[in-house]
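Chemist: Here's my sequence, what's the structure:
(chains A, B, C and D)
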There are 2 protein chains.
Amino acid sequence: MELDQLTECYKAMADKTRLNILALLRHEELCVCELVEILKMTQPSISQHLRKLKQAKLVKERRNSQWIFYSIDGEIYPFIKANLEALPDMSEKIEQLKQSGGKVCC
Amino acid sequence: MELDQLTECYKAMADKTRLNILALLRHEELCVCELVEILKMTQPSISQHLRKLKQAKLVKERRNSQWIFYSIDGEIYPFIKANLEALPDMSEKIEQLKQSGGKVCC
DNA sequence: ATATTATATAAACATATGGTTATATACTAA
DNA sequence: TTAGTATATAACCATATGTTTATATAATAT
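Modeler: I've put the predicted structure just below:
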């Protein structure tokens, strides 16, 4: 692959928040406000991280009425599956979101 | 894996020069001055990139008299092989080094 | 239309990063 | 020991990055 494209990919992954987002999206697609809720960060911050991931083609978005749902893309990277599998399991966080009714608002 | 360790790994890979170094080391171990020669960069710059790669445990070093040879490590990462395979082939650069006698000096 | 909710973007700022130059350290050779 | 070669480290600087606050845009609901 092209080094420039690969560099952009690894830059996108070179941040703890963004790895957290990828780890969460491994379980299921999530909208911005759900990520804000789970990661306890401000909405603009999450949005900008998502933009980077999108620019690197690691995630894709899908609009559903007022919400925009993000999910893993990464089709263009032959190694993406192996990398995602190394990410920690986040099912607990997802569970907590559902328990707290956070899933309802979206 | 731990997110902090993974973040450090991807940070280490999030630079074109360092991806170049990894791509080169895929072929064979190289010393600092050979990398300087191939990549046309200053010695301190290469040394600092190597330090980052070493701290992230992506490369290891071996001293042989006055030279320090670097090679791929990455044992701790389950995905490292898949990632290295996505790097471009650098055999031409290695060939050029050998042809130019650059391999002799080290 | 207006208010509300979800998301994106912009501006400002502090910190991180990568390159350069200068210098220190480690080993070799004489 | 002294000189030479290979590598590492430090100091400095310019640029990149991540966060925050404020504001803009888009869709929904009344």
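Chemist: Please look at residue A:3 and residue B:15 and confirm they touch.
Modeler: No - the pair residue A:3 / residue B:15 is not scored as a contact, 10.1 Å apart, by C-beta atoms under 8 Å. Using the backbone N, CA and C atoms, a C-beta is placed for each residue, glycine as well.
Chemist: Could you tell me the end-to-end distance of stretch A:51-67?
Modeler: End-to-end distance for stretch A:51-67, by C-alpha to C-alpha, to the nearest Å: 15 Å.
Chemist: Give the buried residues for that stretch.
Modeler: Neighbour counts using 16 or more other C-beta atoms under 10 Å in any protein chain shown place A:52-53, A:56-59, A:61 of stretch A:51-67 among the buried residues.
Chemist: ok, and of those residues, which contact DNA strand D?
Modeler: Taking C-beta under 7 Å from any atom of the strand as the test, DNA strand D is in contact with residue A:52 out of these.
Chemist: okay, the buried residues of stretch A:51-67 in JSON lines with distance to residue A:19, secondary structure and pLDDT next?
Modeler: Shown next, in JSON lines, are those (distance: C-beta to C-beta, whole Å; DSSP: H, G, I helix; E, B strand; the rest coil; pLDDT from 0 to 100):
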{"residue": "A:52", "distance to residue A:19": "12", "secondary structure": "helix", "pLDDT": "98"}
{"residue": "A:53", "distance to residue A:19": "10", "secondary structure": "helix", "pLDDT": "98"}
{"residue": "A:56", "distance to residue A:19": "13", "secondary structure": "coil", "pLDDT": "98"}
{"residue": "A:57", "distance to residue A:19": "16", "secondary structure": "coil", "pLDDT": "98"}
{"residue": "A:58", "distance to residue A:19": "11", "secondary structure": "coil", "pLDDT": "98"}
{"residue": "A:59", "distance to residue A:19": "12", "secondary structure": "strand", "pLDDT": "98"}
{"residue": "A:61", "distance to residue A:19": "19", "secondary structure": "strand", "pLDDT": "97"}
